[in-house]
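**Q** here's my sequence, what's the structure:
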Amino acid sequence: MALLRLDLPAAWRWNPALMVLAAPLGILLARLAGAYVRQGRTRPTRAEQAVIWAMAAFLLVFGVLRNLPGMEALAPG
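**A** Residues are numbered from 1 along each chain as shown. This next block holds a predicted model:
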């Protein structure tokens with residue numbers, strides 16, 4: 001909700017991972033859409049797949065870290 005209200009500091013406090021990945025995800029989606037429109041390509045390239053896997057790994061690591069004792073800085077709120 002904070003992101004929809006454009007309250008970026010609050011959005012960062014609740015989920016910094018989303019804020020970190022917003023720009024790369026937007027660029028990736030624009031590239032995939034452009035490739036589909038221009039070339040009819042429906043599958044991501046190896047580089048795009050690597051970015052997708054890296055983002056997934058980042059979210060997984062972030063999700064684990066934010067729940068460990070001593071990592072209260074990553075906890076929501």
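**Q** show the contacting residues for Gly63.
**A** By CB atoms under 8 Å, 6 or more residues apart in numbering, the contact list for Gly63 reads Ala17. (Each C-beta comes from the backbone N, C-alpha and C, glycine too.)
**Q** what helix or strand does it sit in?
**A** helix 46-65 (DSSP states H and E).
**Q** I'd like the mean pLDDT over that helix, please.
**A** For helix 46-65, mean pLDDT is 94.
**Q** quick one: buried residues of that helix?
**A** Going by neighbour count (16 or more other CB atoms under 10 Å), the buried part of helix 46-65 is 51, 55, 62.
**Q** surely the last one meets Leu74?
**A** Yes. Under the criterion of CB atoms under 8 Å, Phe62 lies in contact with Leu74, with a separation of 7.0 Å.
**Q** which helix is the longest one in the protein?
**A** Using DSSP state H, we find that the single longest helix of the chain is helix 16-39.
**Q** quick check: Leu74 touching Arg66?
**A** Yes. Under the criterion of CB under 8 Å, Leu74 makes contact with Arg66 at 3.9 Å.
**Q** with adjacent residues omitted, what lies nearest to the residue most central in space within the chain?
**A** Among the residues of the chain, Leu21 comes closest to the average C-alpha position under CA atoms, centre = their mean, at 2.8 Å. Of all residues not flanking Leu21 in the chain, Met55 sits nearest, at 5.6 Å (CB to CB, 6 or more residues apart in numbering).
**Q** I'd like the distance between the spatially most distant residue from the centre of the chain and Thr45.
**A** Distance to the chain centre peaks in the chain at Gln39, reaching 25.8 Å (criterion: CA atoms, centre = their mean). Computed as CB to CB, to the nearest Å, the Gln39 to Thr45 distance reads 11 Å.
**Q** test my guess that Met71 contacts Phe62.
**A** No. In this structure, Met71 is not within contact of Phe62 by CB under 8 Å, at 9.9 Å.
**Q** and Phe62, how close does it get to Met1?
**A** 20 Å.
**Q** Ala56 too?
**A** 25 Å.
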